[in-house]
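Asks: quick check, what structure comes out for this input:
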Amino acid sequence: MRWSPLLAADAPPSTGAPGARGAAGQIIEWTYNPWRERPGAAAAAGVAALGLCLVATRMGLSPIVTLALCLAVVGALSPLLTPVRCRLDEEGVALHGPLGWTKRGWEQIRRGSLARGGLLVSPYAKRHWLDGTRGIFLPLPADSRISLLDRIQPRLVDHGL
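Replies: Now for the predicted structure:
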């Protein structure tokens, strides 16, 4: 089953078919579902989120603070819980997660590097301590990792990464 955004209106403009070859002007698009790729880690994250939210409710804090703590826990664990849609096109890189699209234009990206389980694009030319917050991590599904890398690599080279 392929995951897609709930609202078509919040999708970026499309100029090619999903999964099109990575030549200039075409789109490379894929989805990553952590429940399919790493079901044990996703289940553990779900149990941890539920457990920590229960602990927060038992602390006797105000409902607003309890809700904020639960949202912080779920937000921190969301990469292990929610499917994402990744996209490379002529404009840049985009990731659609639970809170909508995160986008970076090619002019904002200074480095693209293969990390464990995916591709990290960063506004910094060298490794930087803010890569985790300023960069975008595009997870790659294990079953199509090699073919995706073969299509992504020319696009990165075209943009000097």
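Asks: can I assume residue 133 sits in a helix?
Replies: Yes - the assignment for residue 133 is a helix, going by DSSP: H, G, I helix; E, B strand; the rest coil.
Asks: and it, what does it touch?
Replies: Residues near residue 133 by Cβ atoms under 8 Å, 6 or more residues apart in numbering: none. Backbone N, C-alpha and C define where each C-beta goes, glycine included.
Asks: could you check how far it is from residue 102?
Replies: 11 Å (Cβ to Cβ, to the nearest Å).
Asks: and for residue 159?
Replies: For residue 159 relative to residue 102 (Cβ to Cβ), the value is 18 Å.
Asks: and if you look at residue 113?
Replies: For residue 113 relative to residue 102 (Cβ to Cβ), the value is 18 Å.
Asks: give me the more crowded residue out of residue 159 and residue 102.
Replies: residue 159 (17 against 12; other Cβ atoms under 10 Å).
Asks: ok, now how distant is the nearest residue to the more buried one once chain neighbours are set aside from residue 73?
Replies: Counting by Cβ to Cβ, 6 or more residues apart in numbering, residue 106 is the residue found nearest to residue 159 once chain neighbours are left out, at 4.8 Å. According to Cβ to Cβ, residue 106 and residue 73 sit 35 Å apart.
Asks: contacting residues around residue 78?
Replies: Taking Cβ under 8 Å, 6+ apart as the test, what residue 78 contacts is 97, 98.
Asks: show the pLDDT at it.
Replies: Reported pLDDT at residue 78 in the predicted model: 89.
Asks: ok, the one 5 residues further on next?
Replies: Confidence at residue 83, expressed as pLDDT, is 93.
Asks: in a helix, residue 157, correct?
Replies: Yes - assessed with three-state DSSP, residue 157 lies in a helix.
Asks: put the alpha carbons of the longest helix seen in the chain into PDB.
Replies: Longest helix in the chain, counting residues (DSSP state H): helix 39-57. Extracted in PDB, the C-alpha atoms of helix 39-57 (Å, rounded to 0.1, in the frame of the first residue of the first chain):
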ATOM      1  CA  PRO A  39       8.400  -2.800  12.500                       C
ATOM      2  CA  GLY A  40      10.200  -3.500  15.800                       C
ATOM      3  CA  ALA A  41      11.500   0.000  16.100                       C
ATOM      4  CA  ALA A  42       8.200   1.500  15.100                       C
ATOM      5  CA  ALA A  43       6.300  -0.700  17.700                       C
ATOM      6  CA  ALA A  44       8.900   0.200  20.400                       C
ATOM      7  CA  ALA A  45       8.500   3.900  19.600                       C
ATOM      8  CA  GLY A  46       4.700   3.600  19.800                       C
ATOM      9  CA  VAL A  47       4.900   1.900  23.200                       C
ATOM     10  CA  ALA A  48       7.400   4.400  24.400                       C
ATOM     11  CA  ALA A  49       5.300   7.300  23.300                       C
ATOM     12  CA  LEU A  50       2.200   5.800  25.000                       C
ATOM     13  CA  GLY A  51       4.100   5.000  28.200                       C
ATOM     14  CA  LEU A  52       5.700   8.500  28.400                       C
ATOM     15  CA  CYS A  53       2.300  10.200  27.800                       C
ATOM     16  CA  LEU A  54       0.800   8.100  30.600                       C
ATOM     17  CA  VAL A  55       3.700   9.100  32.900                       C
ATOM     18  CA  ALA A  56       3.000  12.800  32.000                       C
ATOM     19  CA  THR A  57      -0.700  12.400  32.800                       C
END
